[in-house]
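S.K.: When you get a sec, could you give me coordinates for this:
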Amino acid sequence: MQGVFITIEGVEGSGKSTQLLRLSERLRHVGLPLVVSKEPGGTALGRELRRLLLERHTSGERWCAEAELLLFYADRAQHLETVIRPSLAEGKVVLVDRFEDSTRAYQGASGVPESSMDRLNELVLRGLKPHLTVMLDMDPEASLQRVEVRNLALGADFAETRFDEAELEFHRRVRNRFLAIAQNHANRVALIPARDTPDQVEAAIWQRVAPLLRNAGFGVD
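M.R.: All right, here's what the predicted structure looks like:
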């Protein structure tokens, strides 16, 4: 039985973490061999890189976009080598919070040329693509309101990642790039409206995930 590779993508505040948890619990409930991971941060090296990439830059030094891009791909290379590829070879379902599409959306919105990402993609991924990408879509104005409520609940000065603090126009560019990815890769990407209730979003995701798993030989209802 071949493994199945599923990624979950979306703008900040789209409910990605909630839906990842719900889907993983559902897959565990039916007894599937499951690996749940994330980018950046799915390995020991990745956790160090995540701290560098997502926290506020306390040194005050402004990173160039290319340096940041290379760190994201360093995380991905280690993640693929030590987690994703071995798990797929063992016939497991691999569920990952953010992958290549996030790099295309966020670093692309920061001005990194597509050609630079294409070259690194070829080097690191070597043709590997998710079987399904669940992309949660929401307008940035509403999604950032969710982020603000979440961060206030955690502490008035708390921001989960430095991307939470980016300007609205940046988040609009990110969303537009996600939408373009969904349009250009409709066979792989399931674009799910994220402003529906969590139960409705969960049901829409399962409608796309269940047939994929059945076709791969996993017994699910």
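
S.K.: give me the low-pLDDT residue ranges for this protein?
M.R.: 1, 55-60, 147-166 (pLDDT under 70).

S.K.: which ones are touching the most centrally placed residue in it?
M.R.: Computing the C-alpha centroid of the chain and ranking residues by CA atoms, centre = their mean puts residue 98 first, at 1.4 Å. The contact partners of residue 98, by CB atoms under 8 Å, 6 or more residues apart in numbering, come to 7-9, 16, 38-40. Any C-beta I mention is one placed from the backbone N, CA and C, and that applies to glycine too.

S.K.: Which one (most neighbours) among those?
M.R.: Neighbour counts for the contacts of residue 98 (other CB atoms under 10 Å) peak at residue 8, which has 28 neighbours.

S.K.: Pull the distance from stretch 190-206 to the chain's centre.
M.R.: In terms of CA atoms, centre = their mean, to the nearest Å, the centre of stretch 190-206 is found 16 Å from the chain centre.

S.K.: and it, how far apart are its ends?
M.R.: Distance across stretch 190-206, first residue to last, is 11 Å (CA to CA, to the nearest Å).

S.K.: Show me which of the contacts of residue 98 is closest to residue 132.
M.R.: Nearest to residue 132 among these, counting by CB to CB, is residue 7 at 7.6 Å.

S.K.: Assign the closest one to helix, strand or coil.
M.R.: Taken by DSSP: H, G, I helix; E, B strand; the rest coil, the conformation at residue 7 corresponds to strand.

S.K.: my read: it touches residue 96, true?
M.R.: Yes. Contact criterion CB atoms under 8 Å: residue 7 and residue 96 qualify, at 4.9 Å.

S.K.: Overlap of the contact sets of those two?
M.R.: Here residue 7 and residue 96 have residue 130 as joint contacts, going by CB under 8 Å, 6+ apart.

S.K.: just the strands in this structure please.
M.R.: Per DSSP state E, the chain carries strands over the ranges 4-10, 34-38, 93-97, 132-137, 189-193.
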